[in-house]
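[1] return a 3D structure for these sequence lines:
(one chain, ligands or ions: 1)
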Amino acid sequence: FTPSSTQETGIVCRVTKPAALVLNEKTSEVIQAAFRHASFPNITGEKAVSFLGKVTYGLTNIQISNLSIESSEVDLKEDDAVEIMIKNVSASFKGTLNYGYGTWFVQVEHSIDFEIFSSIDLQVNTKLTCGNNRIAADTSDCYLSFHELILHLHGDKQPGWFKQLFTDLISFTLKLVLKGQICKEINYVANLLADFIQDRAENFLSYGDIGVNIDVTDFPVIKENYLESHHKGFLAYKNLTVSYNDSIFSPSLLKHDRMLYFWFSEQVLDSLMLAYFLNQHLTLNLSGEELKDILQNDNEASHQEILREILHNHAANEISAKVWSLTAPGIKITPKGTMVTSSVAVHISITSASDLYFETETVTAVQASYADKKLKLHPSNPLVSIKNVRSSLTVSMNEEQIKQFLQTVVSEFGIQAIVERLESALTSLMNSKSLNLFEIINPEIIPHEGYLIVQLDFGFPHHLLVDFLKRAL
Ligand SMILES: CCc1cc(Oc2ccnc(N(Cc3cccc(OC(F)(F)C(F)F)c3)C[C@@H](O)C(F)(F)F)n2)ccc1Cl
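    Below you'll find the model as predicted:
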């Protein structure tokens with residue numbers, strides 16, 4: 001993995017200590033999945049025993065039976081690792097012990113079932129690295145310490161010395177095997193989780209042919225109060241990739257009192273707008289009814305004649321309107337809000353003989369918020385200019401008056417009508433990615449000069465864990 005320059009970072013995610021503590025509550029379920037998923041190889045060995053000759057033994061089909069985890073703690077070690085300490089994992093293993101001993105003239109072969117009760121402390125220092133442009137977990141720093149390990153041989157009719165011999169022999173080899181297997185399993189599950197999050201994130205940010213490349217641009221950062229990952233955020237549209245390399249992130253832009261922070265460079269949103277435009281998503285057809293709803297609150301006296309001409313002189317079902325972007329809307333993020341510059345054409349066909357066409361350039365500051373699982377957009381003080389008016393309406397207004405009418409209607413009713421439809425389209429898009437299943441607490445969407453910060457707290461995403469465990473097992 002060669003870290004690309006941080007200029008290529010379009011999206012930064014910061015998971016703070018409070019989030020890690022919430023996620024830690026559920027670590028035990030992930031670790032339990034790791035233990036359950038572990039398969040234990042057969043253990044064979046031999047040992048020369050005085051007066052018995054050589055004793056050979058084998059432990060076969062070792063299965064973990066019940067497993068319980070008392071508690072786990074998580075600690076972030078600056079520029080090092082995420083330390084997870086799990087106390088008192090009590091697990092019992094069942095299996096079959098085959099053993100044989102004797103000299104050249106007599107051989108004894110036996111097999112009995114055994115059960116092992118163990119209580120283990122586990123410490124995993126997880127380093128975050130990069131594997132093919134994705135976040136990977138390195139949990140090689142993994143320690144098991146056994147509080148106790150009780151071997152229980154079924155049909156305990158063996159003589160005392162025999163039990164003692166095997167208990168030491170087996171517990172030693174078993175500790176080695178358990179450590180090897182459990183730590184290997186944890187590494188497997190940790191990387192499965194990292195891949196799972198990356199896949200879900202890619203899915204979350206994609207819509208048909210439009211996707212966002214979230215390859216990491218740098219090694220993930222571990223600080224005392226947060227984890228942070230840096231991603232390209234490039235637009236991936238059909239086989240087109242829009243990259244840029246002048247978006248500057250700096251760690252001081254984010255804090256660590258909220259659980260999650262997402263930093264979006266303005267280019268990410270700007271290039272997404274380009275893709276939506278190229279994919280013809282930025283067009284809208286309005287029925288006569290919808291047009292009437294939009295214009296009905298216009299009580300301006302001087303507008304009534306043209307409104308009657310458009311809306312009332314014909315049956316509503318004859319009227320239709322088409323609104324489409326002439327160019328990709330431009331996005332500039334400022335503290336006042338996201339400035340959206342767009343040029344739009346409107347064609348209202350009333351009857352075959354009468355229609356109205358005009359183009360409008362608008363610049364609108366848009367603030368966004370998310371409440372009750374709905375995205376809300378708040379447009380304010382739009383700049384509107386009207387041009388290329390072509391009308392076959394029979395009204396007593398001159399061209400300048402018609403322009404004035406259109407200017408007022410667009411800024412007071414038209415923009416709001418577009419924004420409402422945009423809100424519901426974006427909300428249903430995000431809900432199609434099951435965002436509504438996440439418990440998002442007091443999300444804030446804050447625009448800054450050239451970037452946007454989304455910060456929030458969350459409740460544990462159980463559905464995500466269930467999805468992951470289904471996939472892991
Ligand atoms: C959807 C959020 C997001 C994730 C991205 O990619 C990844 C990939 C791997 N890890 C992360 N982490 C951030 C993160 C936090 C919370 C949720 C989340 O994704 C998800 F769980 F919601 C998924 F299902 F979509 C991802 C973790 C990374 O920051 C860290 F902490 F490991 F360093 N992000 C890139 C951009 C965006 Cl907007």
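[2] first to last residue in stretch 282-301, what's the distance?
    33 Å (Cα to Cα, to the nearest Å).
[3] so who does the residue of the stretch 351-473 of the chain found nearest the ligand touch?
    Closest contact between the stretch 351-473 of the chain and the ligand, by Cβ to the nearest ligand atom, is at Leu464 (5.6 Å). Where C-beta positions appear, they are placed from N, C-alpha and C, glycine not excepted. By Cβ atoms under 8 Å, 6 or more residues apart in numbering, the contact set of Leu464 is 200, 438.
[4] I'd assumed it was in a helix, is it?
    Yes - assigned with DSSP: H, G, I helix; E, B strand; the rest coil, Leu464 falls within a helix.
[5] would you put the C-alpha positions of stretch 3-22 in CSV?
    What follows is stretch 3-22 as a C-alpha-only set of coordinates in CSV (Å, rounded to 0.1, in the frame of the first residue of the first chain):
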residue,chain,number,x,y,z
PRO,A,3,-0.2,6.2,0.8
SER,A,4,-1.3,8.8,-1.7
SER,A,5,-0.9,12.4,-0.8
THR,A,6,-3.3,13.7,1.7
GLN,A,7,-4.5,16.2,-0.9
GLU,A,8,-6.4,13.4,-2.4
THR,A,9,-8.5,12.9,0.7
GLY,A,10,-12.1,13.8,0.0
ILE,A,11,-13.7,12.1,3.0
VAL,A,12,-12.4,11.7,6.5
CYS,A,13,-14.2,9.5,9.1
ARG,A,14,-13.5,9.9,12.8
VAL,A,15,-14.7,7.4,15.4
THR,A,16,-14.2,8.8,18.9
LYS,A,17,-13.6,7.1,22.2
PRO,A,18,-17.3,7.5,23.2
ALA,A,19,-18.2,5.5,20.0
ALA,A,20,-15.6,2.9,20.7
LEU,A,21,-17.1,2.4,24.2
VAL,A,22,-20.6,1.9,22.7
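[6] centre of the chain to it, how far?
    Relative to its chain's centre, stretch 3-22 lies at 12 Å (Cα atoms, centre = their mean, to the nearest Å).
[7] tell me how many other residues surround Asp75.
    Using other Cβ atoms under 10 Å, Asp75 has 14 other residues around it.
[8] what of the one 4 residues further on?
    Burial of Asp79, expressed as a neighbour count using other Cβ under 10 Å, amounts to 8.
[9] same thing with Lys292?
    16.
[10] assumed it was part of a strand.
    No - per three-state DSSP, Lys292 lies outside any strand segment and is helix.
[11] now it: closest residue in space that isn't a chain neighbour?
    Nearest residue to Lys292 in three dimensions, chain neighbours excluded: Leu311, at 5.4 Å (Cβ to Cβ, 6 or more residues apart in numbering).
[12] try Leu422
    Leu422 sits nearest to Leu377 (Cβ to Cβ, 6+ apart), 6.1 Å away.
[13] just checking, that neighbour touches Ala365?
    No - using Cβ atoms under 8 Å as the test, Leu377 is too far from Ala365 to be in contact (10.9 Å).
[14] show me which residues of the stretch 151-300 of the chain sit near the ligand.
    By Cβ under 6 Å from any ligand atom, the residues of the stretch 151-300 of the chain that approach the ligand are 197-198, 200-201, 204, 214, 220, 227-229, 231, 260, 262.
[15] can we see that at 5 Å?
    197-198, 200-201, 204, 214, 220, 227, 229, 231, 262 (Cβ under 5 Å from any ligand atom).
[16] which among those residues end up buried?
    197-198, 200-201, 214, 220, 227, 229, 231, 262 (16 or more other Cβ atoms under 10 Å).
[17] so which of those belong to strands?
    If you go by DSSP state E, those have 227, 229, 231, 262 in strands.
[18] distance of the residue nearest to Lys292 relative to Arg421?
    20 Å (Cβ to Cβ, to the nearest Å).
[19] using the three-state scheme, assign Ser396.
    Assignment for Ser396 (three-state DSSP): coil.
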